[in-house]
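S.K.: Starting from these lines, generate the structure:
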Amino acid sequence: MNASYPDLPAAKIVYVRQIEPEALPDAVRTQIDGDHTLWGVHAPDGTCIAVTRQRRDAFVLARQNDLTPVSAH
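M.R.: Numbering: from 1, shown residues only. Model prediction:
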């Protein structure tokens, strides 16, 4: 079935969700000062493509790169 969804954004969708520092590779964790809440920008396949300290920054970063961010739990 081929359905048309005109209300979906035309840009590529990415997912923003909170991530635990322990889930990051050691090389990345060593660059983080203390225990911070981190937000990841994730590709549809789940690959984390960016990490920020602020949720709003994750959304801004995605939009600046012509991506459409949505919240994920």
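S.K.: so where is the protein shaky, pLDDT-wise?
M.R.: Where the chain drops to pLDDT under 70, the residues are 1-11, 35, 73.
S.K.: ok, longest helix in it?
M.R.: Secondary structure of the chain per DSSP state H: the longest helix is helix 55-64.
S.K.: If you count contacts, what does that helix end up packed against?
M.R.: Contacting helix 55-64 under the criterion 3 or more C-beta pairs under 8 Å, 6 or more residues apart in numbering; DSSP states H and E are the following elements: strand 12-19, strand 38-42, strand 48-52, strand 67-71. The C-beta positions use only the backbone N, C-alpha and C, and glycine is treated the same way.
S.K.: Please dump those strands into CSV; it should also carry mean neighbour count for every row.
M.R.: Converted to CSV, the helices and strands packed on helix 55-64 look like this (neighbours: other C-beta atoms under 10 Å):
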stretch, mean neighbour count
strand 12-19, 17
strand 38-42, 21
strand 48-52, 16
strand 67-71, 16
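S.K.: among those strands, which is nearest Phe59?
M.R.: With distances scored as C-beta to C-beta, the stretch of these nearest to Phe59 is strand 67-71 (4.7 Å).
S.K.: Quick one: work out the angle between the closest one and strand 38-42.
M.R.: 130 degrees (axes from the mean of the first three to the mean of the last three C-alpha atoms, to 10 degrees).
S.K.: Centre of the chain to strand 67-71, how far?
M.R.: How far strand 67-71 lies from its chain's middle: 8 Å, per C-alpha atoms, centre = their mean, to the nearest Å.
S.K.: In terms of secondary structure, what does that strand contact?
M.R.: Helices and strands touching strand 67-71, by 3+ C-beta pairs under 8 Å, 6+ apart, are strand 12-19, helix 55-64.
S.K.: Isn't His36 up against Gln18?
M.R.: No - under the criterion of C-beta atoms under 8 Å, His36 makes no contact with Gln18, lying 10.8 Å away.
S.K.: joint contacts of these two?
M.R.: Counting by C-beta atoms under 8 Å, 6 or more residues apart in numbering, no residue touches both His36 and Gln18.
S.K.: quick one on the thing from earlier: in a markdown table: the helices and strands packed on strand 67-71, plus distance to Asp45.
M.R.: Formatted as a markdown table, those follow (distance: least, C-beta to C-beta, whole Å):
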| stretch | distance to Asp45 |
| --- | --- |
| strand 12-19 | 10 |
| helix 55-64 | 16 |
